[in-house]
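[1] how would this look folded up:
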Amino acid sequence: GTVGSAFFEHRILILDFVKQRLAIIGKGADLPATIATISPAIVYVPLAYRYGHVFVAATIDGRKEPNLIFDTGSSMIPLFTGHKWWRELTHRRTDDPSNSTLRGSAWGRQAVLIGAPIRGLLCIGSACLTNPVVYCESSHLPNMDLDRYSFIASGVFGNVAFDRRFTVIVDISGRRLGLLNGSLEFPNN
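    Model (predicted):
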C-alpha cells in the first residue's frame, strides 16, 4: 500500500468495513478501553510479520494455508496466487474461455489477471466467502509471479472477505488479527 506495513509495525490499524472508517492507534499504544469492553466479541487469529508483509493463515476449500499475505490496499480481488496453485484451486487452465480477465497497472506496467472461482470456501478466521474468484497473473510480470518469490507466499488476499460485514484489527506488534462481526460502534449489526 501507499503507507506500507512498516508504518504499522508499532501501531494498530483498525478497519471498520461496515461503517467504512479507519483508525490508527498511536505508536506503542494499546487498544482503547472502549474496544476492550467488547473484546469477547472480537476473535483473534495469529499473524506473522515477515519480509515486510503481514501473513495470516486461511482455510481454502477445507485446506489450511498458513502463508497468505494480507494486503489492506487490495479491495477488488478476493485471492491472488501463482499459476500452479491457481490451477489446483480452480481445476482450470488459464486459457479456458470461461475465465474472467482483469487489466490494470502494476508498478507502471500493464498487468493481466485471469480469474476463476474455487470450489468451496475461503475463510480467514470467521470471515468466509463461498466460491470466491481467485486470480493469477498472466502477463509474466516478475513482481507478481508468486511462484518465483524469494520467500514463501502462497497467495495474497485483500479486503473482499471483510467488506460491509467486519471490523478488522491489524496488530503487528501483538502478532494478531482481530475480527469483529459488525462495526465497533454497533457490534453484530
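[2] tell me how many other residues crowd I152.
    By the criterion of other Cβ atoms under 10 Å, I152 has 11 neighbours. Where you see a C-beta, it was placed from the backbone N, CA and C, and this is true even at glycine.
[3] excluding chain neighbours, what is closest to it?
    Leaving aside its sequence neighbours, I152 sits nearest to N67 (Cβ to Cβ, 6 or more residues apart in numbering; 5.2 Å).
[4] and the strands in the chain?
    Applying DSSP state E to the chain gives strands spanning 12-16, 21-25, 42-50, 53-60, 63-70, 79-81, 100-106, 109-117, 121-124, 127-130, 133-137, 155-157, 166-171, 176-181.
[5] which one of these lies nearest to G4?
    strand 53-60 (10.1 Å; Cβ to Cβ).
[6] ok, and the helix or strand in this protein with the lowest average confidence?
    For the chain, counting by mean pLDDT, DSSP states H and E, helix 33-36 ranks last in confidence among helices and strands (a mean of 74).
[7] how distant is it from the center of its chain?
    Its chain's C-alpha centre and that of helix 33-36 lie 25 Å apart, by Cα atoms, centre = their mean, to the nearest Å.
[8] buried residues in that helix?
    Applying a neighbour-count criterion of 16 or more other Cβ atoms under 10 Å, one finds I35 buried in helix 33-36.
[9] same for it, what does it pack against?
    Helix 33-36 sits against no helix or strand, with contacts defined as 3 or more Cβ pairs under 8 Å, 6 or more residues apart in numbering; DSSP states H and E.
[10] hmm, who's touching that helix?
    14, 42, 169, 184 (Cβ atoms under 8 Å, 6 or more residues apart in numbering).
[11] point out the least confident one among those residues.
    Among those, L184 has the lowest pLDDT, at 81.
[12] what lies in contact with the helix ranked longest in the chain?
    Determined from DSSP state H, the single longest helix within the chain is helix 83-90. With Cβ under 8 Å, 6+ apart as the test, helix 83-90 has contacts from 60-61, 81, 93-94, 114, 116-119, 134-136, 146-147, 154-155.
[13] then stretch 108-122?
    Here stretch 108-122 has contacts from 58-62, 77-80, 86, 89-92, 94, 96, 98-105, 128-139, 141, 144, 157, 161, using Cβ under 8 Å, 6+ apart.
[14] going by neighbour count, which of those are buried?
    Judged by 16+ other Cβ under 10 Å, buried ones among these: 58, 60, 77-80, 86, 89-90, 94, 99, 129, 132-138, 144, 157, 161.
[15] hmm, V18 is touching T167, no?
    Yes - counting by Cβ atoms under 8 Å, T167 is a contact partner of V18 at 6.5 Å.
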